[in-house]
Every structure is written in structure tokens, then in C-alpha cells.
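Q: pasting the structure only:
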């Protein structure tokens, strides 16, 4: 079986994908679970592959495009709806995200693109970018308070 050319390393519930069943994307997450949220909606995290974004089974330069949308919350309750929806960081978050960036770039092909999404709810994006030696090519802030950042990296 041929591997899809795109890896979503922390797919969660695939919230921002236009096609949540896109055969060109390998959806990976460390969770496989379903929850009923406080408003009655069901949140389902059902990746194609359960895996750790800091240590994958893939060979170097396996993907043309890597999407990296890691957990961004430090103060969310373990059982709160935000933690279930967006994931939660622990005290070792800097090491976790440093290793995550390194792994995403390792599996990204030369001349490939990494799309990184970060919400500054608890941690400013400047502290996150300090965790990787690579610099984004372009970026965009969005949301009501411009706290969500979409950044594009190119692997030369």
C-alpha cells in the first residue's frame, strides 16, 4: 500500500480539514476516543494511525507536506471539554514541542512544506518558535483576537 503524501501529525477531530476523509492525508494522533461535549455534540478523535508526534515509525523524508497542530493548552482541566477538543500540555511542554518540530522536519521531504498552527491561549507563539532553529516563510494571525497563528515552513 502506498503511503499518502501528507501527514497530519496531531489530527484531533480533523476540525480544519475540508475533506475529513481525504485519502491523500495520513491522519495521526495519540488518542482514539469519543466524548459528548457540554453542549451535547459528539467529539470523535479517530486517526488512521495512533502514534506519538515526537517519535514516529516513518523513514526520513517520507512526506511532501506535514501539518503540525499540537496541543496548546496548559491550564485546561484534564476532563474539561477544551482539553478533550484541543489536547493539553504538561510541565515538559517545551521538550515535547521541540521534539515534535524535530520529528516533523525529519519526516518532511526536502523541498517539502510544514504547516504549523498555534493558538496563544497560554503560550505566546514567540516562545514556541524559539523551540526550533527553522524559521517560517510566511504566517497569518486570525480569530477574533488574532491569537491563532498559521505558519508555513519550507524545508530546503
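A: Ah, there it is. Keep in mind that this is a model prediction, so the values were computed, not measured.
Q: residue 127 looks like it's in a strand, true?
A: No. Residue 127 is assigned helix when assessed by DSSP: H, G, I helix; E, B strand; the rest coil, not a strand.
Q: gap between it and residue 86?
A: According to CB to CB, to the nearest Å, residue 127 and residue 86 sit 18 Å apart. Quick note: C-beta positions are derived from backbone N, CA and C, even for glycine.
Q: residue 151 now?
A: For residue 151 relative to residue 86 (CB to CB), the value is 17 Å.
Q: max-length strand in this structure?
A: In the chain, with assignment by DSSP state E, the single longest strand is strand 108-119.
Q: for the record, mean pLDDT for it?
A: Average pLDDT, strand 108-119: 97.
Q: and for stretch 51-64?
A: Mean predicted confidence for stretch 51-64 is 97.
Q: most distant residue from the middle of this protein?
A: residue 40 (25.3 Å; CA atoms, centre = their mean).
Q: where does that one land in three-state SS?
A: coil.
Q: where are the low-confidence patches of the chain?
A: Within the chain, the stretches with pLDDT under 70 are 1.
Q: all strands of it, in order?
A: According to DSSP E, the strands that the chain contains are 6-8, 25-29, 33-36, 42-45, 49-50, 63-68, 108-119, 138-142, 148-154.
Q: most tightly packed of the ones you listed?
A: strand 6-8 (a mean of 24; mean count of other CB atoms under 10 Å).
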